[in-house]
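K.L.:
Model the structure of this input:
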Amino acid sequence: MPSGTALARRFAVLLGIIVIGFTGAVPAAAAAPTYARNEPAVAVATPSTVFLEARYVGYLRRTAGGALVHPEPVVVVRRCSGVVVNPDGYAVTTTVCVQPSREVLLVNALYRLGRTLVQQNELPAERLDTFVAGLRTSSTFTGAKRGTTPTVRLTGQFGAASSGDGAAPAVAGVVTKALPPAGSSRSWTPTRPPMANRSVT
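P.N.:
Predicted coordinates:
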């Protein structure tokens, strides 16, 4: 019969084998595919995410008298994302995304014009902010005629979107319900079937 010392040695060897067995399993587990923290959320959210683009075309005019600040129309492009919340194609986004205030739109238009003038060497780059500040309180962003609003085209795209593309896969949309800016959300829906026919999972 083995002595107590011999049994202890055998028990120690057995324990050593068990530990080695678990230790050997760790690399196999570590080799399994791992996911970044946000990957599961992205996988779930991506199919319902829509790229929104609103293109405003209008003219900058002097508030007093209505004279044009610049003879050419100014195009303001606002881009953001929304989430489809209904199989019929309704999407939700923030208020400032697709229906900015007149003040926000005016500042956007002034910076757009200012940057164009900088590119044409008609305005020094370092005077861009001064240019905008000087016209901010004395001008307005209107449609083709004084007193009208700029035209706007709102489109949405799924997947890899391309800005400025009004053709397919971009789908025209319209704001169907608006909450006050303090509530900060707006509802968007397509005006033609293609987006509604796409499955959202």
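
K.L.:
So residue 148 belongs to a helix, correct?
P.N.:
No: counting by DSSP: H, G, I helix; E, B strand; the rest coil, residue 148 falls outside a helix, being coil.

K.L.:
Wait, it touches residue 140, no?
P.N.:
No: counting by CB atoms under 8 Å, residue 148 stays clear of residue 140, with 10.9 Å between them. Every residue, glycine included, has its C-beta placed from N, CA and C.

K.L.:
So which of these two has more stuff around it?
P.N.:
Between residue 148 and residue 140, residue 140 has the larger neighbour count (other CB atoms under 10 Å), namely 19 against 11.

K.L.:
contacting residues around the more buried one?
P.N.:
When contacts are counted by CB atoms under 8 Å, 6 or more residues apart in numbering, residue 140 touches 60-61, 63, 102, 106.

K.L.:
go again using 6 Å as the cut-off
P.N.:
Applying CB atoms under 6 Å, 6 or more residues apart in numbering to residue 140 gives the contacts 61, 63.

K.L.:
Let me know the pLDDT of it.
P.N.:
On the pLDDT scale, residue 140 is placed at 97.

K.L.:
Which residues does it form beta bridges with?
P.N.:
Following DSSP bridges, residue 140 is listed with bridge partners residue 61.

K.L.:
Likewise for residue 52?
P.N.:
Under the criterion used (DSSP bridges), residue 52 bridges to residue 80, residue 156.
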